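J.: Quick one: sequence plus predicted model below, questions after.
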Amino acid sequence: DQQVKQNSPSLSVQEGRISILNCDYTNSMFDYFLWYKKYPAEGPTFLISISSIKDKNEDGRFTVFLNKSAKHLSLHIVPSQPGDSAVYFCAARGSKRQNFVFGPGTRLSVLP
Amino acid sequence: KAGVTQTPRYLIKTRGQQVTLSCSPISGHRSVSWYQQTPGQGLQFLFEYFSETQRNKGNFPGRFSGRQFSNSRSEMNVSTLELGDSALYLCASSPDTNTGELFFGEGSRLTVL
């Protein structure tokens, strides 16, 4: 039973447009969320986080939105660049004593 | 600061053999987690070690084990390898704060023939 879901295995976006990656979770105890980006043959790199006390966090071109009632979060990338083409994972956990649970990932392709 | 270092980067084993993977965390990080990545499955949590003690464990069979040393370096071992164990094994270290994200190594790519 997947506690963190990313229902879109892939997404293609034109360069300069907005990319929206979605993530849903089932465990209401999750209160801290991360997004990672992964290129082939490299480990995942941290992008942005959000705590359940917020509904939005912004860092440059990346913004994460959290809707606790819907148990849904999304990552917005504006404007999208070809270098953003990668697999994006969302992750969630409850207390800091618990492990992060990752979603299956969404492959983003930004077309020039 | 040096990042998380994993060795070996690539290895090939045959069914029934065993393998040991090593991970050196970022200096000062006391938490080390291991994940298995297979196509379509995302990152599956194996276990986490903190101060030489296993703090969390995922749903993997007992063939998968690990340990952490006093310098926070960690190893994971897989015994009696199966074809389905072919995967990228990722190690991540964390400063273990309330908002501590995971810092990943580049992974060890295991192929079981």
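T.: In hand now; what should we look at?
J.: Give the bridge partners for residue 66, please.
T.: Unless you meant another one, I'm taking chain A. A:L73 (DSSP bridges).
J.: meant chain B actually
T.: Beta-bridge partners of B:G66, as defined by DSSP bridges: B:M76.
J.: Can you name the residues that contact it?
T.: Applying C-beta atoms under 8 Å, 6 or more residues apart in numbering or on different chains, we find B:G66 in contact with B:34, B:46-47, B:49, B:54, B:74-77. (Each C-beta comes from the backbone N, C-alpha and C, glycine too.)
J.: now the residue lying closest to B:T111 once chain neighbours are set aside: how far from chain A?
T.: Among residues not flanking B:T111 along the chain, B:I12 sits closest, at 4.8 Å (C-beta to C-beta, 6 or more residues apart in numbering or on different chains). Applying C-beta to the nearest C-beta, to the nearest Å, the value for B:I12 to chain A is 16 Å.
J.: shouldn't B:I12 be in contact with B:S108?
T.: No - if you go by C-beta atoms under 8 Å, B:I12 and B:S108 don't touch, sitting 11.6 Å apart.
J.: more crowded one of these two?
T.: B:S108 (23 against 12; other C-beta atoms under 10 Å in any protein chain shown).
J.: Can you report how many residues neighbour residue 93?
T.: Just so you know, I chose chain A. A:R93 has 20 nearby residues by other C-beta under 10 Å.
J.: please go with chain B instead
T.: 26.
J.: ok, so what distance separates it from chain A?
T.: Remark: distance between B:S93 and chain A (C-beta to the nearest C-beta) = 11 Å.
J.: Repeat that for B:P8.
T.: Per C-beta to the nearest C-beta, B:P8 is found 14 Å from chain A.
J.: same deal with B:G58?
T.: In terms of C-beta to the nearest C-beta, B:G58 sits 7 Å off from chain A.
J.: That residue reaches B:Q44, doesn't it?
T.: Yes - between B:G58 and B:Q44 there is a contact at 6.4 Å, judged by C-beta under 8 Å.
J.: And A:G83, its phi and psi?
T.: phi -70, psi -10 (degrees, to the nearest 10).
J.: what about the most centrally placed residue in chain B, which helix or strand?
T.: Compute the mean C-alpha point of chain B, and by C-alpha atoms, centre = their mean the closest residue is B:W34, 3.2 Å away. Assigned by DSSP states H and E, B:W34 belongs to strand B:31-38.
J.: and that strand, what other elements does it pack with?
T.: strand B:42-50, strand B:74-78, strand B:87-94 (3 or more C-beta pairs under 8 Å, 6 or more residues apart in numbering or on different chains; DSSP states H and E).
J.: How about that strand, which residues are buried there?
T.: Within strand B:31-38, the residues that qualify as buried are B:31-37, counting by 16 or more other C-beta atoms under 10 Å in any protein chain shown.
J.: now swap in stretch B:100-111 and tell me
T.: B:101-110.
J.: From the buried residues of strand B:31-38, pick the one nearest A:Y25.
T.: Nearest to A:Y25 among the buried residues of strand B:31-38: B:Y35, at 17.6 Å, using C-beta to C-beta.
J.: wait, isn't that closest one in contact with B:E48?
T.: No - using C-beta under 8 Å as the test, B:Y35 is too far from B:E48 to be in contact (9.8 Å).
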